[in-house]
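[1] just a sequence and a predicted model for now, questions to come.
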Amino acid sequence: MKYTYPQFQSQLGWCLYVIIFINTTSASAQIPNFATLKLSSSMKPIQQRVSGVTGGIYSLSTIRGRDNNKNACIGFAESNPDYILVLEENFNNLTILVKSGGEDTTLLIKGPEEEIVRCGDDTGKSKDASISDKKWTKGTYQIWVGIFEPGLKRNYTLTVQE
């Protein structure tokens with residue numbers, strides 16, 4: 001005699017569907033920890049400044065080991081991005097910088113396409129991270145502010161400027 005478990009099989013199928021749905025929606029539509037920023041040339045000056053707190057245990061190297069310019073993507077942050085940056089048009093030059101009072105911060109910026117990643121670490125003699133780059137395409141970017149020690153909470157100010 002063959003035993004079948006139709007109720008168990010349908011419950012298993014339902015559970016798999018829910019797991020797949022949750023994984024695909026969370027990866028494609030992450031909610032920022034702090035804010036969504038918008039930048040356009042109509043703003044004078046073309047700048048946004050916000051405050052936040054580091055403190056995650058998610059290794060930024062799991063997003064990408066190195067960026068498109070071969071810079072190492074390092075540090076720890078929350079798994080969701082800290083900020084969403086919406087560029088309402090193309091920008092020739094942008095600088096994103098962290099001011100934390102000398103803590104060893106890092107940056108990872110992803111977008112507007114999944115394969116475009118920019119990473120930043122120390123700025124000159126400062127341990128605060130920054131990224132200055134050319135050819136920023138109109139679209140939506142995810143920004144993570146990291147720190148070298150997992151879980152370490154430190155206040156910072158993030159500035160995005162042309």
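    Thanks, I have the structure now. Numbers count the residues shown, from 1 in each chain.
[2] from now on I want contacts and neighbour counts done on CA atoms only, so please keep to that.
    Will do.
[3] quick one, helices of the protein?
    6-28 (DSSP state H).
[4] quick check: longest strand of it.
    strand 126-136 (DSSP state E).
[5] CA atoms only for that strand, dumped as CSV, please.
    Output of strand 126-136 as CSV, limited to C-alpha atoms (Å, rounded to 0.1, in the frame of the first residue of the first chain):
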residue,chain,number,x,y,z
SER,A,126,41.2,61.4,7.2
LYS,A,127,39.7,58.0,8.1
ASP,A,128,36.3,59.2,6.9
ALA,A,129,35.2,57.7,3.6
SER,A,130,34.4,59.6,0.4
ILE,A,131,33.7,58.8,-3.2
SER,A,132,34.3,61.4,-6.0
ASP,A,133,33.5,60.2,-9.5
LYS,A,134,32.5,61.3,-12.9
LYS,A,135,29.5,60.2,-15.1
TRP,A,136,26.7,59.7,-12.6
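[6] next, the buried residues of stretch 53-72.
    Buried positions in stretch 53-72, judged by neighbour count with 16 or more other C-alpha atoms under 10 Å: 53-61, 64, 66-67, 72.
[7] circling back to that earlier point, hmm, who's touching the longest strand of the chain?
    Applying C-alpha atoms under 8 Å, 6 or more residues apart in numbering, the contact partners of strand 126-136 are 90-107, 118-123.
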